[in-house]
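K.L.:
Got a sequence here, can you model it:
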Amino acid sequence: MKIKAIITGATGMVGEGILLECLTHPDVQQVLIINRKPGGVSHPKLREIIHADFFNLAPIEPQLTGYDACFFCLGVSSVGMSKEDYKRITCDLTLNVAQLLAKLNLEMTFCYVTGMGTDSSEQGRVAWARVKGATENALMRLFKHAYMFRPGFMKATPGQKNLKISYKLLAWVYPIGRLLYPAGFCTLQEVGRAMINAATKGYPKQILEVKDIVQLAKA
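P.N.:
This next block holds a predicted model:
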């Protein structure tokens with residue numbers, strides 16, 4: 001089975017890693033990226049839409065039909081943000097995009113990059129974890145095939161350009177962490193392969209921790 005996939009957040013570290021994996025994977029026939037600014041990537045499989053307002057997708061709606069999967073990698077850190085702004089960008093924006101895609105592509109597989117420590121109960125003390133949990137729960141109600149990816153520390157794919165300085169400074173931690181605490185460390189190649197396999201083969205769990213991501217990547 002070959003798939004057509006939409007990727008959001010392709011100008012960030014995670015989205016760029018997923019994009020690179022999709023462009024080289026034989027099971028991915030076509031990729032559409034939706035960016036606020038040009039991503040600077042050219043490939044025969046790739047189409048790009050530049051669109052600034054993810055709360056108003058009406059102008060590009062006709063271009064979002066006929067896709068098998070969405071790999072949603074758009075997100076922000078809660079550091080320095082008000083609770084209201086973080087919820088608006090993390091939950092409200094994600095669901096606005098997801099609701100439209102669910103309407104246009106009934107059988108779509110939706111893979112959402114969330115994070116370790118996400119609060120599925122929505123009742124915990126940590127605000128960002130509650131917001132992520134609420135987003136996950138809403139997505140799993142919306143899509144028949146929805147997978148919540150909770151990676152920990154991710155190793156970038158060789159050739160990636162969109163890397164924050166903080167990642168470059170801490171990249172040396174990965175081999176040690178993978179050895180001593182494998183439940184908290186994976187590669188972006190594994191995340192990308194796991195998303196593609198989720199769309200083509202499925203997985204028995206909807207919430208994927210690091211060990212699930214690594215296992216599904218090998219499927």
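K.L.:
which neighbours does the helix or strand hosting Cys111 have in its sheet, and in what orientation?
P.N.:
Using DSSP states H and E, Cys111 sits in strand 109-113. Using DSSP bridges, the strands paired with strand 109-113 are strand 69-72 (parallel), strand 145-149 (parallel).
K.L.:
End to end on stretch 59-75, go ahead and measure it.
P.N.:
End-to-end distance of stretch 59-75 (Cα to Cα, to the nearest Å): 22 Å.
K.L.:
average pLDDT across that stretch?
P.N.:
The average of the pLDDT scores along stretch 59-75 is 97.
K.L.:
what does stretch 154-167 give?
P.N.:
91.
K.L.:
list the buried ones in it?
P.N.:
By 16 or more other Cβ atoms under 10 Å, the buried positions in stretch 154-167 come out as Met154, Lys155, Ala156, Thr157, Asn162, Tyr167. (C-beta placed from N, C-alpha, C; glycine too.)
K.L.:
Pick the one among those closest to Gln30.
P.N.:
Using Cβ to Cβ, Thr157 comes nearest to Gln30 of the buried residues of stretch 154-167, at 20.2 Å.
K.L.:
Am I right that that closest one is in contact with Gln189?
P.N.:
Yes: here Thr157 reaches Gln189: they are 5.5 Å apart, a contact under Cβ atoms under 8 Å.
K.L.:
residues shared between the contacts of the two?
P.N.:
Common neighbours of Thr157 and Gln189 (criterion: Cβ atoms under 8 Å, 6 or more residues apart in numbering): Gly17, Glu21.
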